[in-house]
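*Asks:* After the sequence you'll find the predicted model.
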Amino acid sequence: MSCLASCCASLTCGLCSSVASGISKKSARLAYCGLFGLSLIVSWILREIAAPLLEKLPWINTSSHTKEWFKEQAVLRVSLGNFLFFAILALIMIGVKDQNDRRDSWHHGGWIAKMVIWLLLVILMFFLPNVVISIYGTLSKFGAGLFLLVQVIILLDFVHSWNDAWVEKDEQKWYIALLVISVICYIAAYVFSGILFMWFNPSGHDCGLNVFFIVMTMVLAFAFAIIALHPAVNGSLLPASVISIYCAYVCYTGLSSEPRNYSCNGLKKSKASSVSTLVLGMLTTVLSVLYSALRAGSSTTFLSPPSSPKAAGNKKPLLEKEKEDVEEGKETKKEEEARPVSYSYSFFHLIFALASMYSGMLLTSWTSSSESSDSIDVGWTSVWVRICTEWATAALYIWTLLAPLIFPDREFF
């Protein structure tokens with residue numbers, strides 16, 4: 001029996017070693033995404049099963065608490081461990097400018113050590129006193145809000161890159177495709193807003209707040225198109241349409257998070273609907289983090305440090321032609337010895353750290369224990385966070401359109 005256990009352990013270690021050694025520089029970003037996804041799965045599982053176990057730990061169960069409180073503790077402790085892991089990496093990677101830096105190998109390699117450290121950090125969080133977790137829960141609200149803003153910036157980067165890629169093809173079929181997709185998105189945004197009126201403005205109730213949220217969403221969508229198509233702005237309809245439908249979606253998630261006993265919540269959010277909203281929120285988070293990880297290696301500006309040739313925009317040649325015949329060998333050797341990194345490792349890990357805070361808030365309904373334990377992401381805190389996110393999205397998009405007019409001497413990418 002001991003021999004069988006020893007064989008299983010050796011096979012497991014061998015499997016982990018082969019997986020870790022197979023992670024190359026190009027796949028390291030995906031590996032971090034996988035680790036982050038694993039933390040989400042662990043948080044979700046512990047939220048459902050860890051409450052009875054935490055009740056038996058005397059340093060956690062210090063007084064009478066509800067089952068929902070123990071669920072929050074399980075999620076927040078995993079979230080804190082995940083946050084510390086990525087925050088420590090973000091601090092370590094500050095100032096990495098070229099691949100000759102020893103920390104470049106730390107960022108791309110050492111995966112067995114990283115997995116062990118991540119696991120130890122998560123486990124150690126369950127030995128911390130409740131006051132530390134309470135402070136982290138409060139700070140996470142601000143960190144999660146900051147991540148939502150980063151998520152908006154990622155969305156804006158995506159839609160502008162999409163629009164530019166199709167415009168650069170300079171073919172009629174691509175212009176027609178842009179127009180068709182833009183019209184479809186706008187129709188979907190307004191149809192969805194009409195459905196929101198039926199769901200969150202039931203007859204016989206005074207639902208002025210919900211009506212205000214929905215009407216504001218429709219007004220913003222119209223304003224996006226007017227500003228983008230103005231001759232002075234000379235923008236495109238595609239980003240405006242995508243942002244419009246995103247704002248409508250965020251408005252829906254905010255209204256659907258209203259408490260069950262609120263008469264204007266026509267959905268009366270059940271466990272099934274709250275779980276579906278949670279899945280959408282988690283999927284959006286994972287996609288944002290995954291996009292930032294992949295975009296970091298290809299964008300000309302996104303996450304790129306000043307020393308990167310991508311950030312510099314290739315405005316100056318690396319070697320002056322008139323000196324090539326004299327210094328070509330020296331310069332080539334210098335470039336091989338110190339090639340600049342393609343993106344900011346520190347900011348890359350910071351996004352994961354903030355996403356860890358956001359996922360913790362999503363799973364705990366922004367630490368609002370007043371709601372039933374059967375509900376996920378329900379409460380007025382969730383409502384206002386979503387609505388403020390929608391307005392921040394609108395403000396940032398309008399700023400991207402008007403900033404070149406307000407500051408004509410500056411370059412905006």
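*Replies:* Noted; the coordinates are in hand.
*Asks:* Now stretch 98-118: average pLDDT?
*Replies:* The pLDDT scores in stretch 98-118 average 89.
*Asks:* I meant stretch 204-218, not that one.
*Replies:* Average pLDDT, stretch 204-218: 90.
*Asks:* Residues touching that stretch, excluding its own?
*Replies:* With contact meaning Cβ atoms under 8 Å, 6 or more residues apart in numbering, stretch 204-218 is reached by 190, 193, 196-197, 200-201, 247-248, 251, 254-255, 263-264, 387, 390-391. C-betas here are computed from N, CA, C, even on glycine.
*Asks:* mind redoing it with 7 Å?
*Replies:* 190, 193, 196-197, 200-201, 247-248, 251, 254-255, 263-264, 387, 390 (Cβ atoms under 7 Å, 6 or more residues apart in numbering).
*Asks:* Which ones among those lie within helices?
*Replies:* 190, 193, 196, 197, 200, 247, 248, 251, 254, 255, 387, 390 (DSSP state H).
*Asks:* quick one, what contacts the fourth one?
*Replies:* Remark: with contacts taken as Cβ under 7 Å, 6+ apart, residue 197 is in contact with residue 214.
*Asks:* can you do 8 Å?
*Replies:* Neighbour list for residue 197: 211, 214 [criterion: Cβ under 8 Å, 6+ apart].
*Asks:* Quick check: mean pLDDT of the longest helix along the chain?
*Replies:* Using DSSP H to define each element, the chain has its longest helix at helix 130-168. Helix 130-168 shows a mean pLDDT of 87.
*Asks:* Which strands or helices does it pack on?
*Replies:* Applying 3 or more Cβ pairs under 8 Å, 6 or more residues apart in numbering; DSSP states H and E, we find helix 130-168 packed against helix 67-92, helix 172-200, helix 237-256, helix 271-295, helix 345-363, helix 380-406.
*Asks:* how near is the nearest residue to residue 121 once chain neighbours are set aside to residue 117?
*Replies:* Excluding the flanking residues, the one nearest residue 121 by Cβ to Cβ, 6 or more residues apart in numbering is residue 81, at 4.1 Å. Distance, residue 81 to residue 117, using Cβ to Cβ, to the nearest Å: 10 Å.
*Asks:* And residue 391, by the same measure?
*Replies:* In terms of Cβ to Cβ, residue 391 sits 39 Å off from residue 117.
*Asks:* what does residue 289 give?
*Replies:* Taken as Cβ to Cβ, the span from residue 289 to residue 117 is 20 Å.
*Asks:* Comparing those two, which shows the higher neighbour count?
*Replies:* residue 289 (27 against 16; other Cβ atoms under 10 Å).
*Asks:* Tell me how many other residues crowd the spatially closest residue to that one that is not a sequence neighbour.
*Replies:* Of all residues not flanking residue 289 in the chain, residue 355 sits nearest, at 5.2 Å (Cβ to Cβ, 6+ apart). Residues lying near residue 355 (other Cβ under 10 Å) number 27.
*Asks:* try residue 36
*Replies:* By other Cβ under 10 Å, 22 other residues sit near residue 36.
*Asks:* repeat for the one 3 residues further on
*Replies:* Here the neighbour count serves as a burial measure; for residue 39 (other Cβ under 10 Å) it reads 24.
*Asks:* so the host helix or strand of it versus helix 345-363, what angle?
*Replies:* In this assignment (DSSP states H and E), residue 39 forms part of helix 28-49. Helix 28-49 and helix 345-363 are oriented at 20 degrees to each other (axes from the mean of the first three to the mean of the last three Cα atoms, to 10 degrees).
*Asks:* what about helix 28-49, average pLDDT?
*Replies:* 88.
*Asks:* What is that helix packed up against?
*Replies:* helix 67-92, helix 111-124, helix 271-295, helix 345-363.
*Asks:* now it against helix 67-92, angle please.
*Replies:* 160 degrees.
*Asks:* Can you give me the buried ones in helix 28-49?
*Replies:* By neighbour count on 16 or more other Cβ atoms under 10 Å, the buried set for helix 28-49 is 28-29, 31-33, 35-36, 39-40, 42-44, 46-47.
*Asks:* export those residues to JSON lines and tack on distance to residue 68?
*Replies:* JSON lines is the format used below for these (distance: Cβ to Cβ, whole Å):
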{"residue": "28", "distance to residue 68": "38"}
{"residue": "29", "distance to residue 68": "36"}
{"residue": "31", "distance to residue 68": "34"}
{"residue": "32", "distance to residue 68": "31"}
{"residue": "33", "distance to residue 68": "30"}
{"residue": "35", "distance to residue 68": "28"}
{"residue": "36", "distance to residue 68": "25"}
{"residue": "39", "distance to residue 68": "21"}
{"residue": "40", "distance to residue 68": "20"}
{"residue": "42", "distance to residue 68": "19"}
{"residue": "43", "distance to residue 68": "15"}
{"residue": "44", "distance to residue 68": "15"}
{"residue": "46", "distance to residue 68": "14"}
{"residue": "47", "distance to residue 68": "10"}
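*Asks:* That's all I had, so thanks and see you.
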